[in-house]
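>>> Structural data only, the sequence is not supplied:
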Ligand code: DQA
């Protein structure tokens, strides 16, 4: 099984950016942890990050036929992007929405996700662990 991890704007700043909210691990640290766990289950994982909405849309479209599932932390685009939502819906690739922080305990504008309705599920609030939990979620979903 191949899983594509997509990361949106400002997630390249993890470790530096608001560590009290997002923790001290960098995206590269998280990637390493997820890849270690994935290899134990024979799952292939690829990580990408972009600050650009259209690039994320391109990657979702290009994942069709290449990846079995997507794990998506769209960052702030979660709360604004109809284009990313349409790309997920359009490809039909099972996608798990994730967030490091518990978006529901934060500002009101973070309570709305354009993506949740077209994702198979949402994991948020567990810090870097949200990334690893998504791998379990995908593995279980695929077993069904
Ligand atoms: C985030 C939550 C978003 O509201 C925010 O814009 C981010 C990160 C998270 O992982 O907690 O950039 O997706």
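Sure, I can see it. Not measured: the values here are computed from a predicted model.
>>> quick one: the helices in this structure?
For the chain, the helices defined by DSSP state H cover 19-22, 27-40, 53-62, 82-91, 129-143.
>>> chain center to the first one, what's the gap?
The one in question is helix 19-22. 17 Å (CA atoms, centre = their mean, to the nearest Å).
>>> Out of the helices of the chain, flag the one nearest residue 116.
When the helices of the chain are compared by CB to CB, helix 82-91 sits nearest residue 116, at 9.2 Å. To be clear about C-beta, it is placed using only N, CA and C from the backbone, and glycine gets the same treatment.
>>> Give the rounded mean pLDDT of that closest one.
On average, the pLDDT along helix 82-91 is 98.
>>> Next, count neighbours for the spatially closest residue to residue 124 that is not a sequence neighbour.
Once flanking residues are discounted, residue 124 sits nearest to residue 99: 3.8 Å by CB to CB, 6 or more residues apart in numbering. Residues lying near residue 99 (other CB atoms under 10 Å) number 23.
>>> Show me what from the chain comes close to the ligand.
Applying CB under 6 Å from any ligand atom, one finds that the chain approaches the ligand through 10, 73, 75-76, 78, 99-101, 103, 110.
>>> didn't residue 88 look like it was pressed against residue 95?
Yes. Using CB atoms under 8 Å, residue 88 is in contact with residue 95, at 5.0 Å.
>>> Mutual contacts of these two, please.
Common neighbours of residue 88 and residue 95, using CB atoms under 8 Å, 6 or more residues apart in numbering, are 60, 70, 72, 115, 118-119.
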